[in-house]
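Peer 1: got a sequence here, can you model it:
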Amino acid sequence: MTQQSRPAFKLQPIQRFTARSSWLLWGMSAALGLAATQANGTNFPITPNQRSTAQQVAAAGIPLSELAPNAPDSHVVKRGDTLWDISKLFLKSPWRWPELWGMNLEQIRNPHLIYPGQILVLERIGDRARLRVGQPVGDTLRLSPRVRGTDIGRNPIASIPFHLIEPFLNEAVIFEKNELESAPRIVAAQEGRVMMGKGETAYVRGDLGTNTAYRVFREPRALLDPTTQEVLGYEAAYVGSADYIRAGETRQGADGKPEIVPATFRLTSLRMEAGVGDRLAPVQQREFTNYVPRPPQNPIGGQLASIYGDGLNAGQNQIVALNKGARDGLERGHVLALWRDGSRTLDRTDPARPLLKLPDERHGLLFVFRVFDRMSYALILNVQEPVKIGDRFTQP
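Peer 2: Numbering: from 1, shown residues only. The predicted model follows:
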């Protein structure tokens, strides 16, 4: 067991309420983690206005009207729970989870919020509600901040089902330029084959630098803005991974002419057969940061630029690329609303038969999990109808 201390919070007096009370009060003991850091380790800027807003939320909570109709008085966190699942238990709008917690802006991006076994209790005071963490003591509930002793391997619950996006943290990559065009390439296989399977040898030419672990990609394609047709980036089909075995060289052949010996690689895992001409890119550090679902701070709107895997339509739990990225204010953890374009039809009740454009309808939610400069990848959390390239998104 190790003693794991949490960031300092203003301590509240210990309160006791019987478990038979008409409703349960509970005090914030969630140590919410370290200050937010971007993937490169730099701090997020927090403006005085943003900090003031967060402090007001922490003090006020959310209106009771925002609670789900059957919001429970308490919930015991179980293994397999996610923040999104629990948010839906308590809230009509799950992305308002940070407000229900009263979390401040420095803590909502990289939190260690709640753990299996903890008791979440809904506090209702007047017309407002907040969510806090309590622990049972006999037939009462003790509410207080504390230092928690925990097994090193005991992890906080994830924001969303991590297995849905985990494969894409390395596989789904948007290159700002067509960098793969000049990347190292597979030039040959053993016995003159052009296709290779897992565990087989591939021979590679190109500038390998000092890396030893690589991803293998095929056929980079330009991703276009659905409206402007501007090239926003390049996406390549993920083939698999390969490990560096031996360096290549250029030496003098028996006939006195230069002889090129390519580098040797072993294909370690594959989504599809690797082939001559496939390109290699170094494996990047994986991003396991657990980001709380939350709405963007400022209004944003855009369109779906592609569906991962070249599908014509996408549904729940599939991955889509958005035509907005970090430069537009998107961050990992942002929840966005999906809109279905209203159809065009004739008004058959009017003799002139004018053309009508029906209103757009909101029909789903996205969770942004990977952000590039001009584009982002998002998971479709839920959707009523299939989505397609060009569909619109906004803040929820």
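
Peer 1: ok, residue 62 touching residue 96?
Peer 2: Yes. Between residue 62 and residue 96 there is a contact at 6.2 Å, judged by CB atoms under 8 Å. For the C-beta atoms, the positions are set from N, CA and C on the backbone; glycine is no exception.

Peer 1: these two: which has the busier surroundings?
Peer 2: residue 62 (23 against 20; other CB atoms under 10 Å).

Peer 1: which non-adjacent residue is nearest the more buried one?
Peer 2: Excluding the flanking residues, the one nearest residue 62 by CB to CB, 6 or more residues apart in numbering is residue 99, at 5.0 Å.

Peer 1: can you confirm the one you found is in a helix?
Peer 2: Yes. Under DSSP: H, G, I helix; E, B strand; the rest coil, residue 99 sits within a helix.

Peer 1: surely it touches residue 63?
Peer 2: No. Between residue 99 and residue 63 no contact is recorded; they are 9.9 Å apart, counting by CB under 8 Å.

Peer 1: who has more neighbours, those two?
Peer 2: residue 99 (25 against 12).

Peer 1: how much space separates residue 206 from residue 244?
Peer 2: Distance of residue 206 to residue 244, given as CB to CB, to the nearest Å: 12 Å.

Peer 1: likewise for residue 157?
Peer 2: Relative to residue 244, and taking CB to CB, residue 157 is found at 37 Å.

Peer 1: ok, the residue lying closest to residue 207 once chain neighbours are set aside - contacts?
Peer 2: Leaving aside its chain neighbours, residue 207 sits nearest to residue 184 (6.6 Å; criterion: CB to CB, 6+ apart). Applying CB atoms under 8 Å, 6 or more residues apart in numbering, one finds that residue 184 lies in contact with 204, 205, 206, 207, 208, 214, 263, 279, 280.

Peer 1: in strands only, show me those.
Peer 2: Secondary structure defined by DSSP state E assigns 204, 205, 214, 263, 279, 280 of these to strands.

Peer 1: just the buried ones from these, in PyMOL syntax?
Peer 2: Per 16 or more other CB atoms under 10 Å, the buried members of the ones in strands among the contacts of residue 184 correspond to this PyMOL selection:
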select buried, resi 204+214+263+279+280
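
Peer 1: and which of the ones in strands among the contacts of residue 184 is nearest residue 372?
Peer 2: The closest of the ones in strands among the contacts of residue 184 to residue 372 turns out to be residue 279 (CB to CB; 18.4 Å).

Peer 1: wait, the closest one sits on residue 180?
Peer 2: Yes. Residue 279 is within contact range of residue 180, at 4.3 Å (criterion: CB under 8 Å).

Peer 1: give me the common contacts of the two.
Peer 2: With CB under 8 Å, 6+ apart, residue 279 and residue 180 have common neighbours 217, 220, 236.

Peer 1: please narrow those to those residing in strands.
Peer 2: Those of the shared contacts of residue 279 and residue 180 lying in strands (DSSP E): 217, 220, 236.

Peer 1: burial count for the residue nearest to the last one when sequence neighbours are not counted?
Peer 2: To tie it back to what came earlier, the one meant is residue 236. Distances taken as CB to CB, 6+ apart place residue 217 nearest to residue 236, at 3.7 Å, with adjacent residues excluded. Residue 217 has 22 neighbouring residues, counting by other CB under 10 Å.
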